[in-house]
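got a sequence here, can you build the structure:
(chains A and B)
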Amino acid sequence: MRATNGRLSLLFHRVADRLEISGGATFQVQAYRRLADRVAGMEESLHERWVAGGRLSEVPGIGKAIEAKLDALFRTGTFPLLQRLAQEVPESQLELLHIRGLGPARVRALAEHLGVRDVEQLRTAVETGQLAQVPGFAERTADRVHRSLFEYMSHRGRRLRHLCDGPMDTLLRRLSTCPAAGAVHPVGSYRRGAEDMANLDLVVVTTRPEQIAACLADLDAVEVLDETVSGGTLRDPPDALVPTGSDSGRDRGDAGRQGDAPLPSVRVRFDSGLVAVVRLCPPTIAGGAIAWHTGSRAHNARLRELASAREMSYGPTGLRAGGRPVRSRDESALYAALGLPEIPPELREDRGEIEAALDGRLPQLLRREDVQGDLHMHTRASDGSGSILDMAMAARALGHSYIAITDHTQNVRIANGLTPERAAALIDEVRRVDSQVEGIRILAGLEVDILKDGALDMPEEILSRLDVAIASIHSHFDQPLEEMTARVLKALENPHIHILAHPTGRLIGQRSPLQLDMDRLFQAALQCRVSLEINSNPERLDLDDRHCRIAARMGVPVVISTDAHSTSQLENLSRGVLQARRGGLEPKDVANTLTCGEALAVLRRRG
DNA sequence: GCCGTTTTCGGCCCGACTGTTTTCAGTCG
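Here you go, the predicted model:
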């Protein structure tokens, strides 16, 4: 295997993680970690530099010690330091670091006192109450670890969507240059717009499957795990082919393994461990195959019932009648054959979309271009990296007609939150910049911290000067349900507050949602006319799709915002839109699809 | 581990706060 920079970066990360758990010097750990990041972003290949006789120690971050280790690695293919560390700290133990509340020291303590070296053992220790025996795990910490373990387990083996975009792009670009490939379709959870996924799934329309397999084998970024592409051409549904048994993780059902005969496939793995399953199908049944591999298990089961009622069957190769494939060149043909309009991929979860389709009341889903403004972002005034003008120009370039500058308030110290004096100055500065730019309106706002007792972290006189006042929680995440609910409701009752940002406080796979009575929250939002945010940060996506659905049903206004801390993060808006689409939201449900004036009228509820 | 150098070793560090300790680990945006 070639020693790409990506692989070297991974190696340095593994060394750093293990050194940390085994109690290595902090600065040594940092040196490896910094180097890992640096190498990942380098244009020049370290290996090629070495081959050409270049000095590695001239690369920033590489000194004499690492140069010698790399020299040995390139000559012998081994990295003895990592081999030694791997014996001390197994891979399974590294995984424990992903659980909030567990750092290297506590992971070490768990191994020393309980012999816990993997997630399953930790779970047992938690469930049997053994955690309390370990120094450093008093009741509250143990409680916390318990909750974050639960959150972690529920997303284990899954990757956040933004980490899958690059690999998906790589595959799409490669396949688009392959002469044997017709249309290339992302399918599976990715196409349904899911926030995280176990693997990538694609369907390639082709009559020459072997050439597709060869094309993927040629791709530097991946390793081919296996393929079930036998010789010849692909004309008829390949019923006789051997199952791949490919999918892994919770999603196992939504692509493959649900029915009869699978399509031939090629499975590849990226350096990050992400697996992609590329399925190959002939044009005649493309619509059925794409639909089958896109729908969730539950959605497909419903389509199968409909097919059965029409004396057809439905499986990986689409519809069959009397044992013969039903032609479906595209998905609309497939749905039409079942008496349905085509259902948008984001809705294919069996959460009411089949009934809606049958009744002719599928929503006209929100589109990215419906959104006219972004009401949550940060600048250098607190913890952002751009100026007011930077953010405004970048937003204008994205087609926004208005934005709100909403920096943090003083209680969020680490984010350089604003005192009332600095907030007042920021408002003046926003007004000044707004008067000088054309083509976009800049609104003055703040992301006001909700304190432990529900009080707001900014005096009324400042709040009353804002166009957009956002309230949100950044501390004391562990309050019990009653306390937390009362805290948030108290903040919503303040008449100056327009929006509740990242309402549940979750970080996907890392931090559980706040213990919050969501029924009462929705009721209060409705009564106070406070909008609830869909935060587009890929680690938050909060509200989630189910909450979006509830909000729309109850008539609680929703706002989709980026919470951008840099100009590039303004592009995350499409992630929030995707979540809204999964929640079935239409433009009318989302306040920032309105013009600036109209949106402000919705926000200024009591005026 | 690396770096810069006052060339042989000290500095490197977001930093205040919390929980659990009695000096420290982990957290927050």
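
quick one: contacts for A:G288?
A:314, A:317-319, A:325-326, A:328, A:334 (C-beta atoms under 8 Å, 6 or more residues apart in numbering). Backbone N, C-alpha and C define where each C-beta goes, glycine included.

going by neighbour count, which residues of stretch A:132-140 are buried?
For stretch A:132-140, a neighbour-count test (16 or more other C-beta atoms under 10 Å) marks A:134, A:137 as buried.

show me where the stretch 101-250 of chain A has helices.
Here the stretch 101-250 of chain A has its helices, by DSSP state H, counting those that start in this stretch, at A:104-114, A:119-127, A:139-154, A:162-176, A:188-191, A:209-217.

and the contacts of the last one?
Defining contact as C-beta under 8 Å, 6+ apart, one finds that helix A:209-217 is touched by A:171, A:174-175, A:177-181, A:204, A:206, A:222, A:224, A:227, A:229, A:231, A:233-234, A:264, A:266, A:268, A:278, A:280.

can you select the buried ones from the contacts of A:G288 in ChimeraX?
In ChimeraX, a selection of the buried entries from the contacts of A:G288 looks like this (16+ other C-beta under 10 Å):
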select /A:314,317,318,319,325,326,328,334
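
picking up where we left off before, give me the subset of the contacts of helix A:209-217 that lies in strands.
Cross-referencing those against strands under DSSP state E gives A:181, A:204, A:206, A:222, A:224, A:227, A:266, A:268, A:278, A:280.

let's have those residues in a markdown table, adding distance to DNA strand B and neighbour count.
Below are these laid out as a markdown table (distance: C-beta to the nearest atom of the strand, whole Å; neighbours: other C-beta atoms under 10 Å):
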| residue | distance to DNA strand B | neighbour count |
| --- | --- | --- |
| A:A181 | 42 | 19 |
| A:V204 | 40 | 25 |
| A:T206 | 46 | 26 |
| A:V222 | 31 | 22 |
| A:V224 | 34 | 16 |
| A:E227 | 40 | 21 |
| A:V266 | 39 | 28 |
| A:V268 | 34 | 24 |
| A:V278 | 37 | 27 |
| A:L280 | 43 | 28 |
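
can you tell me which two in these are farthest apart?
Taking C-beta to C-beta as the measure, these span a maximum distance of 18.4 Å, between A:T206 and A:V222.

so what's the closest residue in space to A:A40 that isn't next to it in sequence up against?
Closest residue in space to A:A40, ignoring its immediate chain neighbours: A:S9 at 4.0 Å, by C-beta to C-beta, 6 or more residues apart in numbering. By C-beta under 8 Å, 6+ apart, the contact set of A:S9 is A:36-37, A:39-40.

sec struct for A:S9, please.
Assigned by DSSP: H, G, I helix; E, B strand; the rest coil, the conformation of A:S9 is helix.

could you check the distance from it over to DNA strand B?
Taken as C-beta to the nearest atom of the strand, to the nearest Å, the spacing of A:S9 relative to DNA strand B amounts to 15 Å.

before we move on, what about A:S154?
17 Å.

one more: A:R123?
On the measure of C-beta to the nearest atom of the strand, A:R123 and DNA strand B end up 17 Å apart.

quick check: closest non-adjacent residue to that residue.
Spatial nearest neighbour of A:R123, chain neighbours left out: A:L149 (6.4 Å); criterion: C-beta to C-beta, 6+ apart.

for that neighbour, give me its contacts.
So A:L149 contacts A:99, A:119, A:122-123, A:126 (C-beta under 8 Å, 6+ apart).

which one of those sits closest to A:A501?
Nearest to A:A501 among the contacts of A:L149, with distances taken as C-beta to C-beta, is A:I99, at 25.7 Å.

ok, of the contacts of A:G288, which one's closest to A:S566?
A:L334 (42.1 Å).

quick check, that closest one in a helix?
Yes. According to three-state DSSP, the state of A:L334 is that of a helix.

just checking, it touches A:R320?
No. Counting by C-beta atoms under 8 Å, A:L334 does not reach A:R320; the two are 11.9 Å apart.

how does chain A divide into domains?
A:5-154, A:159-358, A:368-603 (automatic domain parsing).

how far away is A:L541 from A:Q510?
13 Å (C-beta to C-beta, to the nearest Å).

kindly apply the preceding question to A:T177 instead.
To A:Q510, A:T177 is 37 Å away according to C-beta to C-beta.

rewinding a little: any chance of the contacts of A:S9 in JSON lines, plus neighbour count?
Output for the contacts of A:S9, formatted as JSON lines (neighbours: other C-beta atoms under 10 Å):
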{"residue": "A:A36", "neighbour count": "20"}
{"residue": "A:D37", "neighbour count": "13"}
{"residue": "A:V39", "neighbour count": "24"}
{"residue": "A:A40", "neighbour count": "14"}
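
who touches A:L489 in this structure?
Per C-beta under 8 Å, 6+ apart, neighbours of A:L489: A:454, A:520-521, A:524.

out of those residues, who's nearest A:L366?
So of those, ranked by how close each gets to A:L366 (C-beta to C-beta), first place is A:L521, at 22.2 Å.

pretty sure the closest one contacts A:V488?
Yes. Using C-beta under 8 Å, A:L521 makes contact with A:V488 at a distance of 6.4 Å.

got any residues that touch both of the two?
Residues touching both A:L521 and A:V488 (C-beta under 8 Å, 6+ apart) are A:500, A:503.

okay, the closest residue to DNA strand B within the stretch 1-150 of chain A: pLDDT?
Relative to DNA strand B, the nearest point of the stretch 1-150 of chain A is A:G103 (2.3 Å; C-beta to the nearest atom of the strand). As predicted, A:G103 sits at a pLDDT of 84.

near DNA strand B, which residues of the stretch 351-500 of chain A show up?
Selection of the stretch 351-500 of chain A residues close to DNA strand B by C-beta under 7 Å from any atom of the strand yields A:378, A:383, A:408, A:412-415, A:474-475, A:477.

perfect, I'm done here.
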